[in-house]
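J.: what shape does this take:
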Amino acid sequence: MTLDTKHLTFTGRMVIVGFGSIGQGVLPLILRHIGIAKDQITIVTAEERGHAEADALGVKFINLPLTKENFVQVLEPMLGKGDFLVNLSVDVSSIALVEFCHKVGANYLDTCIEPWAGGYTDTSLTPSLRSNYALRESVLSHRATYAGGPTAVLTHGANPGLVSHFVKQALLNVARDTGVAVDTPTDRAGWGALAATLGVKVIHIAERDTQVSAVPKKVGEFVNTWSIDGFVGEGCQPAELGWGSHEKQLPPDGYRHEFGCDAAIYLMRPGASTRVRTWTPLEGPFHGFLITHSEAISIADYYTVRDGNHVTYRPTVHYAYHPCDDAVKSVHELAGKNWFMQPEQRLLMDEIVSGTDELGVLLMGHKKGAYWYGSRLTVEEARKLVPYNNATSLQVCVSVLAGIVWALENPNRGIVEPDEMDFARVLEICAPYLGQVVGAYGDWTPLQDRSRLFPEDVDQDDPWQFKNFRVV
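T.: The predicted structure follows:
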């Protein structure tokens with residue numbers, strides 16, 4: 001793959017719903033790598049932000065918020081059989097859009113499963129019912145009905161999305177390096193058996209963003225390198241994690257859901273107030289936020305091995321995220337205001353002066369201990385590669401592009417999660433835009449240097465217990 005490869009030609013219409021940092025960053029990639037005319041694309045978004053960028057690229061821009069009441073009326077004239085809806089919005093129900101696309105025959109992709117506005121913090125719902133687990137179960141309940149219909153790719157950004165493909169490549173790398181002879185699995189059972197054979201107990205989506213702005217965060221301002229509404233929304237949801245078969249006991253504030261696949265649990269606290277220990281090769285050990293993400297549930301579910309109804313293997317899976325330092329300060333201030341958003345928001349783009357987004361998967365418990373595999377992308381590289389991007393946004397945007405290409409190459413697949421896609425094809429498309437793609441082993445465990453200053457309640461017998469990762 002090169003920076004000028006045309007992966008395919010698309011003759012239908014494409015509607016991009018939402019045009020924040022990811023929409024603005026992915027549009028140049030679509031025009032560069034898909035044979036599509038500018039007049040085939042329409043942007044429908046709730047804000048004026050991005051209008052100048054759309055005009056510069058010659059793409060139609062409509063500032064019109066989609067609601068429960070108007071979305072069918074707005075979208076129906078724009079989409080029909082063989083067309084494509086790219087959902088990059090917040091506060092627009094993914095489930096409603098998937099249902100609409102199935103009815104009209106259009107393909108679909110999103111980067112997360114969104115509820116209608118207010119759904120993440122609707123206190124009339126139990127924490128279980130306002131979780132990503134519940135949103136995922138709701139959309140997957142339509143899978144049988146939509147089978148054989150237009151392809152609807154769920155949750156295909158960087159994470160969730162790209163990281164699911166990193167996991168498969170990482171498993172093959174660990175197998176090679178530990179002397180486990182294996183052909184590349186071709187189905188869910190084969191991948192689950194490989195992870196179980198290798199003894200992978202825990203998978204972190206371990207990310208450290210070191211991008212720095214020339215303009216420091218102000219009091220009363222939320223600063224981030226990607227969607228602020230998206231980050232705050234998921235940060236206020238319950239912390240969620242795929243729950244491994246090796247775990248000895250639930251956390252004191254941990255609960256199982258009373259429905260669905262039972263692959264995950266939730267904690268009775270927001271993800272943005274829950275920290276865990278993790279590791280990346282550049283940063284070393286650090287504390288990350290256990291922000292809920294769909295991949296924590298889908299990966300744990302995908303790699304589950306059963307003997308009848310009994311689960312014999314499942315890894316613990318969750319996000320462990322250290323955003324840019326100004327975002328950490330913003331989260332601290334947000335928590336102090338009892339999760340009411342600051343009056344000002346600033347998305348970092350042109351004012352970033354340096355930094356790297358180190359995003360990958362950390363596989364732990366196998367013979368070599370810990371293995372991180374992922375992308376190291378600097379802001380300087382991102383800017384050279386694609387307009388309207390920083391390091392964080394480009395990792396998302398190129399995965400959106402890859403998901404669109406895969407969906408067009410694989411029509412009529414119904415509802416599809418990233419774990420069910422061709423990982424090699426997705427990584428091939430993404431590779432030119434990921435900076436350094438690195439695999440690195442480490443001897444780190446969450447017990448390293450513990451109890452040095454004060455005694456701690458840890459499980460010395462099994463370093464890979466969630467109890468040892470959690471910061472209390």
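
J.: ok, the nearest residue to Gln460 once chain neighbours are set aside - contacts?
T.: Of all residues beyond its chain neighbours, the one nearest Gln460 is Leu447 (6.9 Å), with distances taken as C-beta to C-beta, 6 or more residues apart in numbering. No exception for glycine: its C-beta is placed from N, CA and C like everyone else's. By C-beta atoms under 8 Å, 6 or more residues apart in numbering, the contact set of Leu447 is Val458, Gln460, Pro463, Asn468.

J.: what about the strands in the stretch 151-300 of the chain?
T.: 152-153, 202-209, 212-213, 221-224, 238-242, 254-256, 264-270, 275-280, 284-289 (DSSP state E, counting those that start in this stretch).

J.: right, and those strands - which one's nearest Glu53?
T.: Glu53 sits nearest to strand 221-224 of all those, at 18.8 Å, using C-beta to C-beta.

J.: quick one: list the elements packing against the closest one.
T.: helix 228-236, helix 325-336, strand 344-347 (3 or more C-beta pairs under 8 Å, 6 or more residues apart in numbering; DSSP states H and E).

J.: indicate which one of the ones you listed is closest to Gly414.
T.: Here helix 228-236 is closest among the helices and strands packed on strand 221-224 (C-beta to C-beta), at 25.8 Å.

J.: that older thread, any chance of TSV for the strands of the stretch 151-300 of the chain, columns mean neighbour count?
T.: Output for those, formatted as TSV (neighbours: other C-beta atoms under 10 Å):
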stretch	mean neighbour count
strand 152-153	26
strand 202-209	28
strand 212-213	18
strand 221-224	22
strand 238-242	28
strand 254-256	15
strand 264-270	22
strand 275-280	24
strand 284-289	17
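
J.: want to throw those into a markdown table with distance to Lys384 and mean pLDDT?
T.: Shown next, in a markdown table, are those (distance: least, C-beta to C-beta, whole Å; pLDDT from 0 to 100):
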| stretch | distance to Lys384 | mean pLDDT |
| --- | --- | --- |
| strand 152-153 | 28 | 98 |
| strand 202-209 | 19 | 98 |
| strand 212-213 | 18 | 98 |
| strand 221-224 | 23 | 98 |
| strand 238-242 | 36 | 98 |
| strand 254-256 | 44 | 98 |
| strand 264-270 | 37 | 98 |
| strand 275-280 | 23 | 98 |
| strand 284-289 | 28 | 98 |
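
J.: quick revisit: let me know the secondary structure of the residue nearest to Gln460.
T.: What DSSP: H, G, I helix; E, B strand; the rest coil gives for Leu447 is coil.

J.: give the contact list for Pro281.
T.: Glu358, Trp372, Val438, Ala440, Gly442.

J.: picking up where we left off before, closest to Glu295 out of the strands of the stretch 151-300 of the chain?
T.: Using C-beta to C-beta, these put strand 202-209 closest to Glu295, at 6.3 Å.

J.: hmm, back to that, so which of the strands of the stretch 151-300 of the chain comes closest to Arg49?
T.: So among these, strand 221-224 is nearest, using C-beta to C-beta, at 14.4 Å.

J.: give the pairing partners of that closest one; include direction for each.
T.: strand 344-347 (parallel) (DSSP bridges).

J.: send the alpha carbons of the strand it pairs with over as CSV?
T.: C-alpha atoms of strand 344-347 as CSV (Å, rounded to 0.1, in the frame of the first residue of the first chain):
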residue,chain,number,x,y,z
GLU,A,344,-15.3,26.1,27.4
GLN,A,345,-13.9,23.3,25.2
ARG,A,346,-10.8,23.3,23.0
LEU,A,347,-9.9,20.6,20.6
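
J.: circling back: nearest to Arg176 among the contacts of Leu447?
T.: For the contacts of Leu447, with Arg176 as the reference and C-beta to C-beta as the criterion, the closest is Pro463, at 24.1 Å.

J.: count the neighbours of the spatially closest residue to the closest one that is not a sequence neighbour for me.
T.: Closest residue to Pro463 apart from its sequence neighbours, by C-beta to C-beta, 6+ apart: Thr445 at 4.0 Å. By the criterion of other C-beta atoms under 10 Å, Thr445 has 18 neighbours.

J.: what does Leu408 give?
T.: Around Leu408 there are 18 residues (other C-beta under 10 Å).

J.: contact partners for it?
T.: Going by C-beta under 8 Å, 6+ apart, Leu408 touches Leu8, Phe10, Ile34, Phe84, Asn107.

J.: surely it is in a helix?
T.: Yes. Checked against three-state DSSP, Leu408 lies within a helix.

J.: pLDDT score for it?
T.: At Leu408, the model reports a pLDDT of 98.

J.: from Val353, how far off is it?
T.: Using C-beta to C-beta, to the nearest Å, we find Leu408 at a distance of 38 Å from Val353.

J.: much appreciated, bye for now.
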